[in-house]
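1. A predicted structure for the sequence below; I have some questions about it.
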Amino acid sequence: MNAPYPWLDAPWQRLLATRARPAQALLLAGPRGVGKSELAMVWAQALLCEAPLADGAACGQCAACHWFETGGHPDFRLVTLQEKTGKEGETRMATAIEVDQAREAVDFVQLSTYRAGFRVVLVDPADSLNLAAANALLKVLEEPPLNTVFVLVSDQPRRLLPTIRSRCTRLDIGLPPADRAAQWLTEQGVDDAVTLLALSGGTPLDAQRWADGSELDERRGVLEGLARPDRLDPVTLGERWKAVSPQTWHNVSYKWLGDLLAVKLQGSVQFNRDFSEVLAPLGRKADLAKLLALARMQANDGRTLTHPLNRALQLEAWLVQYRHVFD
Ligand SMILES: [Zn+2]
């Protein structure tokens, strides 16, 4: 089995070299959208495989590999954000990994293994552990049972408890070089790799997601609205954009504000290069203090991406404030 993405080849080889004596607590850290989760999964499979290849990678054919690939390996646990059902039956993603989930993982590692090999607990995203969950996990990280491997994945390792960080062997995954990422995207059939990479801050998987989905059309719609603050009608747009997912909205509007700030402060566009001509005069016109206030508010919103009760009204309020940036 190869590295999940070509730019992960070096960290993958480093992991494989430790297959016989793996770190009992590994922290895979780095920006989002570079494939850390996928790397963690192939590493977990490599550890559980019962007929690993000469380089230590999983064979993809043994019983253990089969169970892993179908999501049922008895010596593997994935601790991640769960879907929750709200009062009105709507589903949303939890914003934290809860203490019950951590306790379940702790109980799991106290049992004897089903198979003779390793037992793997993957915590992803580890920075979403709430304090109680982190503390529960910390106890087993201090003295992991024999043959137990914890793999923690994090975009924001600074948000982990320092005591958890200090227990882990850290492997940093960086952004791939731009030309390599662009080449890969082109190989995946993405047309405008360079623009999309800029849009996603250099992270190839985000760029691919943009290319795949209807998000790109939604983005264009939103940006065309934001491009004309003098003509923008908050009520109409609030109604229209309430259908855009909170993640997409946050991503698009946050980067737009980032570009306005970049124009203001550095004279150049960072993300939305296809809108450079619009952004340049807008950024110069914007009031810096109001723009910073709006960007700060948006950053806070991004930490809790949930469906508010009245989405249209929330967007409307945002748009009113956005319009004032250019008064
Ligand atoms: Zn195997």
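-> Alright, I've got the coordinates. Residues are numbered from 1 along each chain as shown.

2. quick one: pLDDT of the nearest residue to residue 96 once chain neighbours are set aside?
-> Sequence neighbours aside, residue 130 is the residue nearest to residue 96 in space, at 4.3 Å (criterion: C-beta to C-beta, 6 or more residues apart in numbering). C-betas here are computed from N, CA, C, even on glycine. Looking at residue 130, its pLDDT reads 95.

3. can you check the one 3 residues further on too?
-> Residue 133 carries a pLDDT value of 97.

4. Also residue 86?
-> 69.

5. Residue 91 now?
-> 67.

6. Which residue ranges of the stretch 51-200 of the chain form helices?
-> 63-69, 99-110, 131-142, 162-167, 178-187, 193-199 (DSSP state H, counting those that start in this stretch).

7. cool, the stretch 201-327 of the chain as well?
-> Using DSSP H, counting those that start in this stretch, helices in the stretch 201-327 of the chain cover 204-212, 215-226, 234-241, 246-266, 276-285, 288-303, 311-324.

8. could you dump these to TSV with mean neighbour count and distance to the ion?
-> Output for the helices of the stretch 201-327 of the chain, formatted as TSV (neighbours: other C-beta atoms under 10 Å; distance: least, C-beta to the ion, whole Å):
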stretch	mean neighbour count	distance to the ion
helix 204-212	20	26
helix 215-226	17	36
helix 234-241	17	47
helix 246-266	19	35
helix 276-285	16	50
helix 288-303	14	39
helix 311-324	18	46
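
9. Out of those, point me to the one whose mean pLDDT is lowest.
-> Looking at these, the bottom one is helix 288-303 with a mean of 83.

10. For the closest residue to residue 135 other than its chain neighbours, give me its contacts.
-> Leaving aside its chain neighbours, residue 135 sits nearest to residue 161 (7.6 Å; criterion: C-beta to C-beta, 6+ apart). By C-beta atoms under 8 Å, 6 or more residues apart in numbering, the residues touching residue 161 are 131, 134-135, 138.

11. Could you dump the helices of the stretch 201-327 of the chain into JSON lines and include distance to residue 82?
-> As requested, the helices of the stretch 201-327 of the chain are exported to JSON lines (distance: least, C-beta to C-beta, whole Å):
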{"stretch": "helix 204-212", "distance to residue 82": "22"}
{"stretch": "helix 215-226", "distance to residue 82": "24"}
{"stretch": "helix 234-241", "distance to residue 82": "28"}
{"stretch": "helix 246-266", "distance to residue 82": "17"}
{"stretch": "helix 276-285", "distance to residue 82": "39"}
{"stretch": "helix 288-303", "distance to residue 82": "18"}
{"stretch": "helix 311-324", "distance to residue 82": "23"}
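
12. Just to check, residue 144 is in contact with residue 109?
-> Yes: contact criterion C-beta atoms under 8 Å: residue 144 and residue 109 qualify, at 7.0 Å.

13. re earlier: got phi/psi on the residue nearest to residue 135?
-> phi -60, psi 140 (degrees, to the nearest 10).

14. In terms of pLDDT, where does it sit?
-> With respect to pLDDT, residue 161 has a value of 95.

15. now the angle from the longest strand seen in the chain to helix 99-110?
-> In the chain, ranked by residue count with DSSP state E as the criterion, the top strand is strand 148-154. Taking axes from the mean of the first three to the mean of the last three C-alpha atoms, to 10 degrees, one finds that strand 148-154 is oriented at 150 degrees with respect to helix 99-110.

16. Show me what strand 148-154 pairs with in its sheet, parallel or antiparallel.
-> Paired strands of strand 148-154, with direction, are strand 25-29 (parallel), strand 119-123 (parallel) (DSSP bridges).

17. neighbours around the residue lying closest to residue 132 once chain neighbours are set aside, how many?
-> Of all residues not flanking residue 132 in the chain, residue 99 sits nearest, at 3.9 Å (C-beta to C-beta, 6+ apart). Neighbourhood size, residue 99 [other C-beta atoms under 10 Å]: 17.

18. so how far is the ion from residue 99?
-> 34 Å (C-beta to the ion, to the nearest Å).

19. List the contacts of that residue.
-> By C-beta under 8 Å, 6+ apart, the contact list for residue 99 reads 130, 132-133, 136.

20. what's the pLDDT at it?
-> Confidence score, pLDDT, at residue 99: 96.

21. sorry, back to before: got CSV for the strands paired with strand 148-154, with distance to the ion too?
-> Compiled in CSV, the strands paired with strand 148-154 are given as follows (distance: least, C-beta to the ion, whole Å):
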stretch, distance to the ion
strand 25-29, 20
strand 119-123, 14
